[in-house]
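In: what follows is a predicted structure for the sequence shown.
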Amino acid sequence: MNILVTGGFGFIGGHLIDLLTRCYPQARVHIVDNLLSNPVPVDVLMKDLGPRAGLTYQICSVGDFCRSNDSTSWDQIYHLASIVGPAGVLKHAGRMIKSIVDDTYDIIDLSQRHKAKLLLVSTSEVYGADGLCSESSPRIIPAITTVRSEYAVGKMAAEMAVLNTIKVTSLEAVVVRPFNIAGPRQSAVGGFVLPRFIAQAIRGKPLTVFGSGKQLRAFTHVADAAQGLLAAMQYGVNGKCYNLGNEANRTTIEELADNVIRLTGAQSKKQFVDPKAVYGPLYEEAADKYPDATATMQELNWYPQLSVEAVVKDTFKYMLGLDDGLLSTLSGLVPLECRNV
Ligand code: UDP
């Protein structure tokens, strides 16, 4: 079997690669990544993974890869490559929809040429409204145009391109919408809250809680998320969208900050700040969001197992290693079994 993973050097991608190469030791797993937002250097991740027969990679854009004369016959294509991060997206304002949509069309064409099953990684941001999000909820474009909504619209368009291509061609594909995935190797650079809080805790600095801290999110351990992607590829019904998130891990951001202080034993206090003071006027808060993942659990036999405490503890252990100058990461902190294979 030949498996292509775009964005395989990203945060979720690295864990997916770890899992795929364990679960399918006979497969060729090929990463295509342009290193726009990789959280750890390639050599660090490769050293961390150790020898993995069949794992290859190519540093290039999705477009260049899709237009190259690669002779491999791909069976499965995981399309993760994307601009990411609530702060990471800001510098791409005005160009993001083109980037997301162009890459997706290239991947659709490649999947069709190879008769490969495609898994498109979208985002929970497509829901755009406060509260519990289920796959039957509308995808809402907010009245105010923000960089965050540009990202959401790009992902909505990408979803629609895939879902409508399925109706008129033999393309086989599923869409996955992740909700606040967190864990080891996530970088604070994109603005993600957990690595920011933990870095602040490690340095004994105040934890910068944005706004009131009452925002609701449900954090999902990246090890659970990787299992979910595998399950969606394996069992996902053609043309369906699946929420990937752990509703049981619902928390306010202030509670998350309290948990980080408690679980790291830090002397830090909370500091309530305006995010625009940190990231500038383009930064916008997302709606409260947490997933109804009933269909994902029942149809894909995917049951996330790791609590908020586990996410915080594993991320803390990983970041402590970094702080000690141990650049090697702690993959294997959470055993990644091949639950669904
Ligand atoms: N957040 C925070 N302090 C920070 C960074 C983020 O309070 O230093 C909040 C942010 O306002 C949001 C939540 O944490 O409500 C989750 O943020 P993240 O950037 O991880 O993802 P989002 O769900 O906003 O895309």
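Out: Structure received.

In: quick one: low-confidence ranges for the stretch 201-341 of the chain?
Out: 323-336, 340 (pLDDT under 70).

In: what helix or strand is Q227 located in?
Out: helix 222-235 (DSSP states H and E).

In: of all the residues in the stretch 151-300 of the chain, which ones are close to the ligand?
Out: By C-beta under 6 Å from any ligand atom, the residues of the stretch 151-300 of the chain that approach the ligand are 180, 191-193, 196, 208-210, 215, 217, 253, 275, 285-286. Heads up, the C-betas are built off the backbone N, CA and C, glycines and all.

In: still on that earlier bit, tell me the gap between the helix holding Q227 and the middle of its chain.
Out: 11 Å (C-alpha atoms, centre = their mean, to the nearest Å).

In: just the buried positions in it, please.
Out: 222-234 (16 or more other C-beta atoms under 10 Å).

In: filter the residues of the stretch 151-300 of the chain next to the ligand down to the buried ones, PyMOL style.
Out: With 16+ other C-beta under 10 Å as the burial test, the buried ones among these are selected in PyMOL as follows:
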select buried, resi 180+191+192+193+196+208+209+210+215+217+253+275+286
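
In: before we move on, back to that, pick out the most distant pair among the buried residues of helix 222-235.
Out: V222 and Q234 (18.7 Å; C-beta to C-beta).

In: from the buried residues of helix 222-235, pick the one nearest the ligand.
Out: V222 (12.8 Å; C-beta to the nearest ligand atom).

In: OK, contacts around that closest one?
Out: By C-beta atoms under 8 Å, 6 or more residues apart in numbering, the contact set of V222 is 11-12, 15, 181-186.

In: rewinding a little: if you count neighbours, what's buried in the next helix or strand after the helix holding Q227?
Out: Downstream of helix 222-235, the first helix or strand assigned by DSSP H and E is strand 241-244. Within strand 241-244, the residues that qualify as buried are 241-244, counting by 16+ other C-beta under 10 Å.

In: what about the longest helix seen in the chain, average pLDDT?
Out: Assignment by DSSP state H gives helix 147-168 as the longest helix of the chain. Mean per-residue pLDDT for helix 147-168: 97.

In: from here on, call the first residue 8.
Out: Sure, I'll start counting at 8 from here, so that last one is helix 154-175.

In: got the contact list for that helix?
Out: By C-beta under 8 Å, 6+ apart, helix 154-175 touches 89-90, 93, 96-97, 99-101, 103-104, 106-108, 110-112, 115, 119, 125, 127, 129-130, 132-133, 135, 146, 148-149, 178-180, 182, 245-246, 248, 289, 291, 293.

In: what about 6 Å?
Out: The set of residues external to helix 154-175 that reach it, using C-beta atoms under 6 Å, 6 or more residues apart in numbering, is 96-97, 100, 103-104, 107-108, 111, 115, 127, 129-130, 132-133, 146, 149, 178, 180, 182, 246, 289, 291.

In: sort out for me which of the residues you listed are in helices.
Out: Using DSSP H, these in helices are 103-104, 107-108, 111, 115.

In: so how far is the ligand from A136?
Out: 14 Å (C-beta to the nearest ligand atom, to the nearest Å).

In: one step back: top of the ones in helices among the contacts of helix 154-175 by neighbour count?
Out: T111 (26 neighbours; other C-beta atoms under 10 Å).

In: which one is that residue nearest to, not counting chain neighbours?
Out: A165 (3.9 Å; C-beta to C-beta, 6 or more residues apart in numbering).

In: noted, bye for now.
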